[in-house]
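Visitor: give me a 3D structure for the following:
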Amino acid sequence: MISATADFVTDRFKAPDCYNPLPNFHRTGCRAGYSFLMDSNPHILVVDDDREIRDLLAKFLGQHGHRVTTAGGGVEMHKALEDWSINLIVLDLMLPGEDGLSLCRNLRAESDIPVIMLTAMGEEVDRIVGLEMGADDYIAKPFNPRELLARIKSVLRRARTLPARRSAAEDTVVRFKGWSLDIDKRELLSPDGVLVPLSGGEFDLLVAFTTHPGRVLSRDQLLDLARGREAQPFDRSIDIQVSRLRRKIEESPKEPKLIKTVRSGGYMFTPEVENPGGSEP
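Guide: The predicted structure follows:
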C-alpha cells in the first residue's frame, strides 16, 4: 500500500514492491540529448519536497520514455539546471524556503523552459497566479499521472513551435583564447581569423564546454548537454568527439591545455570565456 503522502496521486499510480526510491538527481529512463530536433526522449525535472511523490513520478515518467531528474527544492533545482539540459519542469507550488511561484517567476525571467505547476491547492486563484508567474500549465493534486503525462506532451509540442527568446542586444559570439564561436552561424574562427570547419557533434560539444567553463563535466553530462544519447549506452563516444575537437583547437592535441582530462571525472574547459553560451550581452 502507498502511504497517505502519495495519496495526492491516484491509486492507479503505484510503485512495484521491488522498486527502490530514487535519490535526488537520479536519472531514469533513456538518457538521451536535450535538443528537440535531436532527441525523442525529453528530459523532465521534477521539483517537489515530497520524496515519495518525486520517486513515483520519476518511475512513471521513466517508464513512458522520459529521462527524469528530481529535486527537493529550489537549490537542487538550480543545480540540476546547471548540470543538465532540461526540456520541462514539473514544479510544486508549496516548497520549503523559496516557493514554487517565486521559483517560476525568477526562472521565467531568464529562461524559456516550459513549467507545469503541481500543487495540492486546486483553488482557481492559485491557478491564475501560477499562470501569471509564467507557468505553461497547471495540475492540482490529487491527479492521474496519465493526465500529467498528457499535459507534458502537450506543453512540449507547443514549445517546439516557439522560437528561442533572444534580446535585441544579445551577442551570439563566444570568445576564448582568441577563438570566436558564432552560435547562430555555427562557425568557429581561429585567432588568425581562419574559418575552422566543425561537424555537428563537434560544434555541440564546444558549445557545451563554453557554456560551462572551469567546471568538470562527466561524459553523461556532456552527452546530455551536447549531442544527446540513444537508448543504448555509448559513453566512450564522447572521448572520440573530444579527441577530434582537440585536434582542431589545441596547439598540441597530445598535451591539451584548453580541454583538460580529469581522472575519474570527465573533462574541463579551462580558458576564460567571454559571453559563455552566447547568452549574455
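Visitor: please make it C-alpha for all contacts and neighbour counts, starting now.
Guide: Will do.
Visitor: which residues in the stretch 51-200 of the chain form helices?
Guide: Listed in chain order, the helices of the stretch 51-200 of the chain (DSSP state H, counting those that start in this stretch) span 51-63, 74-83, 100-110, 124-132, 145-160, 200-211.
Visitor: to Asp239, which of those lies closest?
Guide: Among the helices of the stretch 51-200 of the chain, helix 200-211 comes nearest to Asp239, with 10.8 Å by C-alpha to C-alpha.
Visitor: how about residues contacting the helix or strand that that closest one is followed by?
Guide: Counting by DSSP states H and E, the element after helix 200-211 in chain order, helix or strand, is strand 216-217. Residues outside strand 216-217 that contact it (C-alpha atoms under 8 Å, 6 or more residues apart in numbering) are Val262, Gly265, Gly266, Tyr267, Met268, Phe269.
Visitor: pull the most distant pair out of those.
Guide: Within the contacts of strand 216-217, Gly265 and Phe269 form the most distant pair, 12.8 Å apart (C-alpha to C-alpha).
Visitor: endpoint to endpoint, stretch 63-77 covers what distance?
Guide: End-to-end distance of stretch 63-77: 22 Å, with C-alpha to C-alpha, to the nearest Å as the criterion.
Visitor: coming back round to it: mean pLDDT, distance to Ala226 and mean neighbour count added to the helices of the stretch 51-200 of the chain, as TSV?
Guide: What follows is these, written out as TSV (pLDDT from 0 to 100; distance: least, C-alpha to C-alpha, whole Å; neighbours: other C-alpha atoms under 10 Å):
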stretch	mean pLDDT	distance to Ala226	mean neighbour count
helix 51-63	95	21	21
helix 74-83	93	12	16
helix 100-110	86	21	17
helix 124-132	68	31	15
helix 145-160	89	18	15
helix 200-211	88	5	21
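Visitor: a markdown table for those, including distance to Lys248?
Guide: Below are those laid out as a markdown table (distance: least, C-alpha to C-alpha, whole Å):
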| stretch | distance to Lys248 |
| --- | --- |
| helix 51-63 | 38 |
| helix 74-83 | 26 |
| helix 100-110 | 33 |
| helix 124-132 | 47 |
| helix 145-160 | 33 |
| helix 200-211 | 10 |
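Visitor: can you show me the strands along the stretch 151-281 of the chain?
Guide: Ranges of strands in the stretch 151-281 of the chain, per DSSP state E, counting those that start in this stretch, are 173-176, 179-182, 187-189, 195-196, 216-217, 259-262, 266-269, 273-274.
Visitor: quick check: pLDDT value at Glu274.
Guide: Here the pLDDT value assigned to Glu274 is 89.
Visitor: skip the chain neighbours and tell me the closest residue to it.
Guide: Arg175 (5.1 Å; C-alpha to C-alpha, 6 or more residues apart in numbering).
Visitor: burial of the closest residue to Ile238 other than its chain neighbours, as a residue count?
Guide: Counting by C-alpha to C-alpha, 6+ apart, Arg219 is the residue found nearest to Ile238 once chain neighbours are left out, at 6.4 Å. Neighbour count for Arg219, taken as other C-alpha atoms under 10 Å: 18.
Visitor: my read is that Arg219 contacts Gly266, right?
Guide: Yes - using C-alpha atoms under 8 Å, Arg219 makes contact with Gly266 at a distance of 5.8 Å.
Visitor: so where is the stretch 151-281 of the chain shaky, pLDDT-wise?
Guide: Flagging of the stretch 151-281 of the chain using pLDDT under 70 yields the residue ranges 161-171, 227-237, 276-281.
Visitor: and the contacts of stretch 185-196?
Guide: Stretch 185-196 is contacted from outside by Lys177, Gly178, Trp179, Ser180, Leu181, Asp182, Pro197, Leu198, Phe203, Lys248, Ile249, using C-alpha under 8 Å, 6+ apart.
Visitor: and with 7 Å instead?
Guide: Gly178, Trp179, Ser180, Leu181, Asp182 (C-alpha atoms under 7 Å, 6 or more residues apart in numbering).
Visitor: out of the residues you listed, which is nearest to Arg158?
Guide: Asp182 (27.4 Å).
Visitor: list buried residues within the contacts of stretch 185-196.
Guide: If you count burial by 16 or more other C-alpha atoms under 10 Å, the buried members of the contacts of stretch 185-196 come out as Trp179, Ser180, Leu181, Asp182.
Visitor: please name the nearest non-neighbouring residue to the second one.
Guide: With sequence-adjacent residues excluded and distances taken as C-alpha to C-alpha, 6+ apart, Ser180 is closest to Leu189, at 5.1 Å.
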